[in-house]
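*Asks:* Provided below for reference: sequence and predicted model.
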Protein chains: 2
Amino acid sequence: MNAKYDKDLPIGVFDSGVGGLTVLKAIRSELPAENLVYLGDTARLPYGTKSPASIERYAIQAAEKLAEQGIKMLVVACNTASAVALAALRADLDPLPVIGVVEPGAAAAVHARPGGSHLVLATEATVRLAAYSNAIESRDEQATVREQACEMLVSLAEEGWTDGDIATRIIRRYLDEANEGGFEANSIILGCTHFPLLKEAIREVVGETVAIVDSASTTAHAVRETLQSGGQMRTAREKGDQRFLATDGATRFARVGGQFLGHALTFRDVELVDL
Amino acid sequence: MNAKYDKDLPIGVFDSGVGGLTVLKAIRSELPAENLVYLGDTARLPYGTKSPASIERYAIQAAEKLAEQGIKMLVVACNTASAVALAALRADLDPLPVIGVVEPGAAAAVHARPGGSHLVLATEATVRLAAYSNAIESRDEQATVREQACEMLVSLAEEGWTDGDIATRIIRRYLDEANEGGFEANSIILGCTHFPLLKEAIREVVGETVAIVDSASTTAHAVRETLQSGGQMRTAREKGDQRFLATDGATRFARVGGQFLGHALTFRDVELVDL
């Protein structure tokens, strides 16, 4: 980080919808003094089933909206946008530091299970790009990786059906598909920000010996390291602000988003913006 | 229908994605000589969780794209867009005839179960607008209507998990929610174009005595009537053309769309357009 930004400027966190609030929550917990501004592109979600060209265009529009507001760093808290558009975002926003969730997630998985058999649960677009496979294999030559598209898990999390029989059966069906041909994972990567809500249900299906990795907390570590190394940490003692922007549906954002954030939001907490 | 259009012009059929292909298929079967052009707004699907203002804007952009191509009628083969934006579309495209799927679906339900207890399965946005309730109650004062948002059924249909245990359990859960307080439906309206794919699974859950109504075939009848009364039926003996336009993801459109259309498509059959 060579360019200097005002330390009081917020960290911008961007996602296609509300799932990235799990990452915001982790950053908040790791760095409580930082100001945060979150943008959910709810008018065009989900990204996971869209084409790479559309995802890149949407991601750049959203990132530029945050950059306009003044931010000192961008966190791409969306696996699909990280997999598809990270390089384009870095080029577009240079010299602003841009952190995605795929690299921290891959690093966490390799750390948890060196030489492991990793199963990545993600959206169609993320799987198609094989971003996690590339990131893991470049870190650990012994690792094997399989990726499984799990669109139904997204709606399961949005509907709030995160436990019980239906969740268990859907998870089991995807894992059975992924394990065809005898692949046996000892690490499962939650490669979509919706999936941490299903962590306990997944744990129930796979048992205690499999590592379940999500990128939220490792991304928060990466944010801390980048801020520290650039001398850009906010030093205030009081808690930082949080602002929530969305491109559509403040009421739904508040209702569904509260589940991801872990505390209630109301539509008054959400500002609508146009991209 | 006062304005006169060239009878060889296609009927435009518009949906947020591929679900409306069930309506296209019904029109094709009812009126094989007609030329058809289908537009799926796959770049911004689903509409069902978006705000009314966004849905109306998207629907008008899509409809104008079809109107530019030259059409003699517009069919809004999307329940959400029909519920939210039909009046706005009619005003915008006047004098072009515009037919939605809600009115034909409501008419079919009232015909199947006069004075009936109707349960509408639909998206969040359609339920919020209560368009089916209004359309049914204005036709049949004795009818009672309840509407149930069922977002998981959309992804179930897209994933192709249309039978088996998971489908049955999800359907049962929504029906249990809808039937709280002792409501007992004798008519179920498939108020989303994705849901005809789940008709057999729903039948299995509700048994033989409940009428299951979808708007595809009644919408096709309404198209015929409007063409006939305006003297705008195509009289050619050969089969009409079909064209498929999408705003994103030709490959996915072809793969998922084939399930709704009932025959295979390839990405070469799909033209990408920008709205």
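*Replies:* That came in fine, so what should we check first?
*Asks:* ok so A:Arg44 is a strand residue?
*Replies:* No - counting by DSSP: H, G, I helix; E, B strand; the rest coil, A:Arg44 is not found in a strand; it is coil.
*Asks:* For A:Arg252, see how far away it is.
*Replies:* Distance of A:Arg44 to A:Arg252, computed by C-beta to C-beta, to the nearest Å: 14 Å. Quick note: C-beta positions are derived from backbone N, CA and C, even for glycine.
*Asks:* same thing with A:Glu159?
*Replies:* Taking C-beta to C-beta, one finds A:Glu159 at 12 Å from A:Arg252.
*Asks:* what's the answer for A:Asn134, then?
*Replies:* Between A:Asn134 and A:Arg252 the computed distance is 34 Å (C-beta to C-beta).
*Asks:* And these two? Which one has more around it.
*Replies:* Neighbour count, other C-beta atoms under 10 Å in any protein chain shown: between A:Asn134 and A:Arg252, A:Arg252 has more, with 21 against 14.
*Asks:* what's near enough to touch that one?
*Replies:* Neighbour list for A:Arg252: A:Thr42, B:Thr49, B:Ser51, B:Glu124 [criterion: C-beta atoms under 8 Å, 6 or more residues apart in numbering or on different chains].
*Asks:* Apply 7 Å and report the result again.
*Replies:* Applying C-beta atoms under 7 Å, 6 or more residues apart in numbering or on different chains to A:Arg252 gives the contacts B:Thr49.
*Asks:* what's the helix or strand for it?
*Replies:* If you go by DSSP states H and E, A:Arg252 is part of helix A:250-261.
*Asks:* From A:Leu36, how far off is the closest residue to A:Ala3 other than its chain neighbours?
*Replies:* Among residues not flanking A:Ala3 along the chain, A:Pro95 sits closest, at 4.1 Å (C-beta to C-beta, 6 or more residues apart in numbering or on different chains). For A:Pro95, the distance to A:Leu36 equals 21 Å [C-beta to C-beta].
*Asks:* now do A:Val127
*Replies:* 29 Å.
*Asks:* Likewise for A:Ala77?
*Replies:* 11 Å.
*Asks:* residues in contact with A:Cys150?
*Replies:* Neighbouring residues of A:Cys150 by C-beta under 7 Å, 6+ apart: A:Leu121, A:Tyr174.
*Asks:* switch the cut-off to 10 Å
*Replies:* Applying C-beta atoms under 10 Å, 6 or more residues apart in numbering or on different chains, we find A:Cys150 in contact with A:48, A:120-124, A:127, A:156, A:170-171, A:173-175, A:177-178, A:190-192, A:194-195, A:198, B:159.
*Asks:* go on, A:Ile55?
*Replies:* Contacts for A:Ile55 (C-beta under 10 Å, 6+ apart) come out as A:16, A:44, A:47-49, A:78, A:80-81, A:83-85, A:88, A:125-126, A:129, B:248.
*Asks:* which residue packs closest to it, ignoring adjacent ones?
*Replies:* In this structure, A:Ile55 finds its nearest non-sequential neighbour in A:Val84, 4.5 Å apart by C-beta to C-beta, 6+ apart.
*Asks:* A:Ala67 too?
*Replies:* A:Leu93 (5.9 Å).
*Asks:* next one: A:Thr49
*Replies:* A:Glu124 is the one closest to A:Thr49 (C-beta to C-beta, 6+ apart), at 5.5 Å.
*Asks:* Give the burial count for that neighbour, as a bare number.
*Replies:* 18.
*Asks:* what ranges do the strands span in the stretch 51-200 of chain A?
*Replies:* Secondary structure of the stretch 51-200 of chain A (DSSP state E, counting those that start in this stretch): strands at A:73-76, A:98-100, A:117-122, A:144-149, A:187-190.
*Asks:* Make TSV from these and add distance to chain B to it.
*Replies:* Formatted as TSV, the strands of the stretch 51-200 of chain A follow (distance: least, C-beta to the nearest C-beta, whole Å):
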stretch	distance to chain B
strand A:73-76	20
strand A:98-100	22
strand A:117-122	14
strand A:144-149	9
strand A:187-190	18
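*Asks:* can you tell which of the ones you listed is closest to A:Lys4?
*Replies:* Between A:Lys4 and these, the tightest spacing by C-beta to C-beta is seen for strand A:73-76, at 12.3 Å.
*Asks:* from the middle of its chain, how far away would the closest one be?
*Replies:* Distance, stretch centre to chain centre, for strand A:73-76: 11 Å (C-alpha atoms, centre = their mean, to the nearest Å).
*Asks:* Strand partners (parallel or antiparallel) of that strand?
*Replies:* strand A:11-15 (parallel), strand A:98-100 (parallel) (DSSP bridges).
*Asks:* Just the mean pLDDT for the last one, thanks.
*Replies:* The average pLDDT within strand A:98-100 is 97.
*Asks:* again, but for stretch A:217-227
*Replies:* Stretch A:217-227 comes out at a mean pLDDT of 95.
*Asks:* can I see the domain layout of chain A?
*Replies:* With domains defined by automatic domain parsing, chain A comprises A:11-100+A:217-272, A:103-216.
*Asks:* Redo the ones you listed as CSV? Include distance to B:Asp163.
*Replies:* Formatted as CSV, these follow (distance: least, C-beta to C-beta, whole Å):
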stretch, distance to B:Asp163
domain A:11-100+A:217-272, 22
domain A:103-216, 13
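*Asks:* so A:Thr235 is in which element?
*Replies:* Counting by DSSP H and E, A:Thr235 is part of no helix or strand.
*Asks:* Next one, pLDDT for it please.
*Replies:* 87.
*Asks:* That one and chain B: what is the separation?
*Replies:* Applying C-beta to the nearest C-beta, to the nearest Å, the value for A:Thr235 to chain B is 40 Å.
*Asks:* can you check A:Lys72 too?
*Replies:* Distance, A:Lys72 to chain B, by C-beta to the nearest C-beta: 31 Å.
*Asks:* Now do the phi/psi pair for that residue.
*Replies:* Taking degrees, to the nearest 10, you get phi -100, psi -10 for the backbone angles of A:Lys72.
*Asks:* That one: what's it in contact with?
*Replies:* By C-beta under 10 Å, 6+ apart, the contact set of A:Lys72 is A:1, A:3-12, A:34-35, A:96-97, A:227, A:230, A:232, A:234.
*Asks:* With A:Val102 instead?
*Replies:* A:76, A:79-84, A:86, A:120, A:122, A:126, A:129, A:131-132, A:134-136, A:189, A:191, A:215, A:219.
*Asks:* Out of those, which sit inside helices?
*Replies:* Here DSSP state H is the test, and the contacts of A:Val102 give A:79-84, A:86, A:126, A:129, A:131-132, A:134-136, A:215, A:219 as lying in helices.
*Asks:* picking up where we left off before, widest-spaced pair of the contacts of A:Ile55?
*Replies:* Using C-beta to C-beta, the two most remote members of the contacts of A:Ile55 are A:Thr49 and A:Ala88, lying 19.5 Å apart.
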